[in-house]
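**Student:** can you look at this prediction? I've put the sequence above it.
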Amino acid sequence: MRRNSIFELSNIIWILAGFGVTHALNEWLDMAGIVKGYNSNIWNLIRVLVLTLSFALFFEFGLRLILLNLRKLKLLEKWVTFTLTLFVIMLIFISKQERSIWPRYLLGFPGGVLSAFGFFIYYRRNKALLDPLGFRRYFLTAVFSIGIYAILGGIITPKADFFPASLINNASFLNLTGIPVQVFRAICAGFLAWSVWNILIVFDWELKARLLNSEKLAAMGKFASIIGHEFRNQLGAMGISVYFLKTKLQSDDERIGKHLENLQRQLIETNRIIENILVFSKTRIPELKDVDLRAILLNSIAKFQPPDGMKIDTQIDEDLPKIRGDELQLSQVFVNIIANALQAMEDKGNLTVTAVRDKDFVEVLFTDTGPGIREEDNEKIFEPFFSTKVHGTGLGLAICKEIVEAHGGDIEIESEPGKGATIIVGLPIRG
């Protein structure tokens, strides 16, 4: 799930930085051992354990990067790196071979393959966003440099009396090329550092764009607040008039009654739009307290009466834990999402609301059978004033995003044209 950046890579890049720091420490320990002549068992054990930690971070980064792109493999996230690292440490203590072989074979090589493949599919999945920013070469450089490093750092190891270390090792590489493998590893690391450094620029650009956007939205918010209050007063008077006409006007013509009903529905919808404008212009800090999310969801769903041909199904865990949240704001989030889904399906289809616990979060999924959203619109759907509807304001989901993030949560959308859409809201159990 995303935290702040629209680029999910920002949530895991720190793991790659951790690999760089610990791997540099391992290289320093290697050099110190050579220069100072340190060769004790304790020194070598420390060196190998630091190497193991660095490759464990490398493997975890690659795994997380794969999971960003292939969410169906989410179950792999639990305990894989930890279990594999414990196994490597066990081999280190019981092995009579060169100890550094095991973290290279079992963590370094697969970690490099996962990272290279993950960078590639991440770039392909976000190509429409990244190409206009000129980031293609940086991602492809990262793919090739990590892929080559996976071989140089994970397969070419100190010599041992078993295959492949007996055939492919530091000594055979030196005999073949006349250059130590460490030199090529350093070159790959340099290319990787250059590409990642340039990739990180996108987050700086994003921050500056957000600051500029917030200034524009603040000015628009003040203007919208004034207009919103004026319109709401007028709508209130119109609503009273419609109610009066419905109670007093007696007519055998059913068309008059239908027109009055339609007018009342439009007034309610317009009032909801005005309410969104007012909320967006002045979003308050959530008042956090223990709330029953299941009850809030059910109450939000109960506010809707879907027409014939449309149905709302619920799959909400009975033992859903309480969370820290603002009941009114969370209700507004759910109402906005449900209203958007029902409008998207145009009076025909099913909306399924699912709520389950996922570790320290509660995930609420709203899955509709509407027309879906184009891939290029997925990243824009939560932007203020962006709407796929002809007469939409583009504020409903923007407000949802602002409220959810104020609760320390995440909101994202998964959709394919013609296959409906799923909006996923993740809220921390403890705020």
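**Tutor:** Structure received. Numbering: from 1, shown residues only.
**Student:** for the strand or helix carrying Ile15, packing partners?
**Tutor:** Element membership for Ile15 (DSSP states H and E) is helix 13-36. Helices and strands touching helix 13-36, as assessed by 3 or more CB pairs under 8 Å, 6 or more residues apart in numbering; DSSP states H and E, comprise helix 41-69, helix 181-248. (C-beta placed from N, C-alpha, C; glycine too.)
**Student:** run the chain-centre distance for that helix.
**Tutor:** A distance of 30 Å separates the centroid of the chain from that of helix 13-36, by CA atoms, centre = their mean, to the nearest Å.
**Student:** which residues are contacting it?
**Tutor:** 38-39, 43-44, 46-47, 50-51, 53-55, 57-58, 60-61, 64, 115, 182, 189, 193, 196, 200 (CB atoms under 8 Å, 6 or more residues apart in numbering).
**Student:** give me the mean pLDDT for that helix.
**Tutor:** For helix 13-36, mean pLDDT rounds to 81.
**Student:** may I see the buried residues of it?
**Tutor:** By neighbour count on 16 or more other CB atoms under 10 Å, the buried set for helix 13-36 is 13, 15-16, 18-20, 22-23, 26-27, 29-30, 33.
**Student:** next one: stretch 165-176
**Tutor:** Counting neighbours by 16+ other CB under 10 Å, stretch 165-176 gives Ala165, Asn169, Asn170, Phe173 as buried.
**Student:** got the domain ranges for this structure?
**Tutor:** In the assignment given by automatic domain parsing, the structural domains of the chain cover 8-202, 213-281, 289-428.
**Student:** could you identify which of these has the lowest mean pLDDT?
**Tutor:** Among the domains of the chain, domain 213-281 carries the lowest mean pLDDT (a mean of 65).
**Student:** after whichever strand or helix holds Gln264, next one along is what?
**Tutor:** In the assignment (DSSP H and E), Gln264 maps to helix 254-281. Counting by DSSP H and E, the element after helix 254-281 in chain order, helix or strand, is strand 289-291.
**Student:** would you tell me what the next helix or strand after that following strand is?
**Tutor:** helix 293-302.
**Student:** for Asn170, see how far away Leu67 is.
**Tutor:** 33 Å (CB to CB, to the nearest Å).
**Student:** equivalent analysis for Ala355, please.
**Tutor:** Distance, Ala355 to Asn170, by CB to CB: 54 Å.
**Student:** before we move on, what SS does Phe382 have?
**Tutor:** Using DSSP: H, G, I helix; E, B strand; the rest coil, the structure places Phe382 in coil.
**Student:** list the contacts for it?
**Tutor:** Phe382 sits next to Leu397, Ala398, Cys400, Lys401, Ile411, Ile413 when contact means CB under 8 Å, 6+ apart.
**Student:** go ahead and confirm the third one touches Asn336.
**Tutor:** Read that as Cys400. Yes - counting by CB atoms under 8 Å, Cys400 sits close enough to Asn336 to count as a contact (5.4 Å).
**Student:** any buried residues in the longest strand along the chain, and which?
**Tutor:** The longest strand of the chain (DSSP state E) is strand 349-358. For strand 349-358, the neighbour count (16+ other CB under 10 Å) marks Gly349, Asn350, Leu351, Thr352, Val353, Thr354, Ala355 as buried.
**Student:** which one of those residues is nearest to Thr369?
**Tutor:** Nearest to Thr369 out of the buried residues of strand 349-358 is Gly349 (CB to CB; 3.9 Å).
**Student:** tell me the bridge partners for the closest one.
**Tutor:** On the basis of DSSP bridges, Gly349 takes part in beta bridges with Met310.
**Student:** that older thread, out of the buried residues of stretch 165-176, who's nearest Ile94?
**Tutor:** Taking CB to CB as the measure, Ile94 lies nearest Ala165 of those, at 16.8 Å.
**Student:** I figured the closest one hits Ile155, correct?
**Tutor:** No - Ala165 is not in contact with Ile155 according to CB under 8 Å; the separation is 9.1 Å.
**Student:** show me what contacts the residue lying closest to Arg185 once chain neighbours are set aside?
**Tutor:** Leaving aside its chain neighbours, Arg185 sits nearest to Leu152 (5.0 Å; criterion: CB to CB, 6 or more residues apart in numbering). Applying CB under 8 Å, 6+ apart to Leu152 gives the contacts Val181, Phe184, Arg185, Cys188.
**Student:** circling back: tell me which of the buried residues of stretch 165-176 fall in helices.
**Tutor:** Among those, DSSP state H puts Asn170, Phe173 in helices.
**Student:** got the buried residues of stretch 165-176 as TSV, with distance to Thr83 columns?
**Tutor:** As requested, those are exported to TSV (distance: CB to CB, whole Å):
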residue	distance to Thr83
Ala165	24
Asn169	28
Asn170	29
Phe173	31
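**Student:** show me which pair in the buried residues of stretch 165-176 is furthest apart.
**Tutor:** Ala165 and Phe173 (11.7 Å).
**Student:** surely Glu412 forms part of a strand?
**Tutor:** Yes - judged by three-state DSSP, Glu412 forms part of a strand.
**Student:** ok, what's across the strand from it?
**Tutor:** Beta-bridge partners of Glu412, as defined by DSSP bridges: Ile424.
**Student:** state the distance from it to Leu351.
**Tutor:** On the measure of CB to CB, Glu412 and Leu351 end up 18 Å apart.
**Student:** ok, Lys159 - how many residues close by?
**Tutor:** Using other CB atoms under 10 Å, Lys159 has 15 other residues around it.
**Student:** contacts only, for it.
**Tutor:** Each residue near Lys159 by CB under 8 Å, 6+ apart is listed here: Glu98, Ala165, Ser166, Asn169, Asn170, Ala171, Ser172.
**Student:** next, work out how far apart it and Asn170 are.
**Tutor:** Where Asn170 is concerned, Lys159 sits at a distance of 7 Å (CB to CB).
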